[in-house]
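>>> Next come a sequence and a model predicted from it.
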Amino acid sequence: MSSKKATIALRGVHKTYGRTTALDGLELDVREGEFFCLLGPSGAGKTTTLKTVAGLELPDSGAVLLDGADMKGVEPYDRGVAMCFESYALYPHKSAYDNLASPLRSPRHRLPAAEARERIGAIAELLGISALLDRPVGRLSNGQRQRVALGRVLVRPARAFLLDEPLSHLDAKLRQQMRAELKAIGAVQHTTTLYVTHDSVEALALGDRIGVIREGRIVQTGTREEIWYQPYDTEVARAFGRPRINLLPGAVTADGGFRSADGKVELPLRAQATPGMDVLVGVRPRDITLTGPGHELTGTVYVTEVLGRAIEVTVRIGELHVSLVAPRSEAAGLRPDDPVRLSVRPENLLLFEADRPERPGRRIGTR
Ligand SMILES: Nc1ncnc2c1ncn2[C@@H]1O[C@H](COP(=O)(O)OP(=O)(O)OP(=O)(O)O)[C@@H](O)[C@H]1O
């Protein structure tokens, strides 16, 4: 098997389990050599997507293409992809080393012993498991085992890696560290990677592009900038960024601006929407300042919460609550009911249709 980078495409893939629709006409394109993050809530169809690419599940209809070739009838083993499950299958009685080595002993990937040792050593080093190689996997912690499982995928040449929440069992510190290192691994740089996560921080940190999946369909695909600055709808906007984006209800004014129902929040926008339309204006807490330039709003402090070196301040403006993140130096003295003035730069405002019971509000263009 060559280690040529593959493109991955899913075309109108449907997959049901009994009465549950897991994939509902899924369309996905992963480009050659790309690190693509598939992000979505539990049950959205992420794992089913990976299994379908790997050939472990067969679509009811639609097609899976690797490098443009339809995979229908191609056995998992012959697809040349390497998959790491969240519920990893390792040999518990064998050492971590032997678990890493076993893919390289298969007829297809057999490497000379010295080369295999070198490859395993390099991957183990990057994953921080070099000191554990002699230990039986059954005697490792969940986080250590998960790293062995990831190593087992990365060690063998493949034309695509399919990774299902591979860092989920690591503690916060290690996860952050591994997140930073994962993309630096040569094998990852040289191999198309489809990476599943429900963690938006992980997706933003790792993804060359991100696909947001919901109820078996891709809602939006884009670079992190596109997803962040032009979210398809309020649900995508809510999925990215902590504290969450403020979504303030109001209506479009005659000149295309925004006004809350009580008139206490007015923001200049040039909405491509009919005056009077119910909308939500979106602004992220880190894009509101207590001191900077921009459009000003006045309110009173409702509550403050320390977030490490910054402080989250929730401000009451009329009947709305707006949260912002400010440096400690600016916000440490604030107490409930103190008057405050906020500023928002117009370029940081997003506009959405109001949410409806049947669907989240879509983004509306401004200017
Ligand atoms: N083998 C199965 N039998 C029955 N239903 C299944 C099976 N596998 C998945 N499903 C259902 O299909 C839907 C999609 O599942 P899938 O595992 O792909 O979601 P996911 O996005 O990976 O979720 P999670 O983040 O919780 O792993 C869910 O409603 C799930 O319950």
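Received, thanks.
>>> Average pLDDT for the longest helix seen in the chain, rounded please.
Looking only at the chain and at elements set by DSSP state H, the helix with the highest residue count is helix 113-127. When the per-residue pLDDT values of helix 113-127 are averaged, the result is 90.
>>> go on, stretch 285-296?
The predicted model gives stretch 285-296 an average pLDDT of 93.
>>> List the buried residues in the longest helix of the chain.
For helix 113-127, a neighbour-count test (16 or more other C-beta atoms under 10 Å) marks 116, 119, 120, 122, 123, 124, 126, 127 as buried. Glycine gets a C-beta too; all of them are placed from N, C-alpha and C.
>>> can you check stretch 229-249 too?
Neighbour-count burial for stretch 229-249, counted by 16+ other C-beta under 10 Å, picks out 231-237, 239-241, 245-249.
>>> swap in stretch 81-97?
Neighbour-count burial for stretch 81-97, with 16+ other C-beta under 10 Å as criterion, is recorded at 81, 82, 83, 84, 85, 86, 88, 90, 95, 96, 97.
>>> so who does the residue of the stretch 51-200 of the chain found nearest the ligand touch?
Proximity to the ligand, evaluated over the stretch 51-200 of the chain using C-beta to the nearest ligand atom, is greatest for residue 198 at 5.1 Å. With contact taken as C-beta atoms under 8 Å, 6 or more residues apart in numbering, residue 198 is in contact with 39, 40, 41, 42, 46, 165.
>>> List buried residues within the residues you listed.
Counted by 16+ other C-beta under 10 Å, those give 39, 40, 46, 165 as buried.
>>> circling back to that earlier point, min pLDDT across the buried residues of stretch 81-97, which one?
Looking across the buried residues of stretch 81-97, the weakest pLDDT belongs to residue 86, with 62.
>>> Show me the contact partners of stretch 354-367.
Applying C-beta under 8 Å, 6+ apart, the contact partners of stretch 354-367 are 230-235, 237, 249, 269-273, 278-280, 349-353.
>>> List the buried residues for the longest strand belonging to the chain?
The strand that spans the most residues within the chain, counting by DSSP state E, is strand 295-307. Judged by neighbour count using 16+ other C-beta under 10 Å, the buried positions of strand 295-307 are 297, 299, 301, 304.
>>> Which parts of the chain belong to which domain?
Structural domains annotated on the chain: 8-229, 247-364, as defined by automatic domain parsing.
>>> Just give me how far the shortest one sits from the chain centre.
Its chain's average C-alpha position is 25 Å from that of domain 247-364, according to C-alpha atoms, centre = their mean, to the nearest Å.
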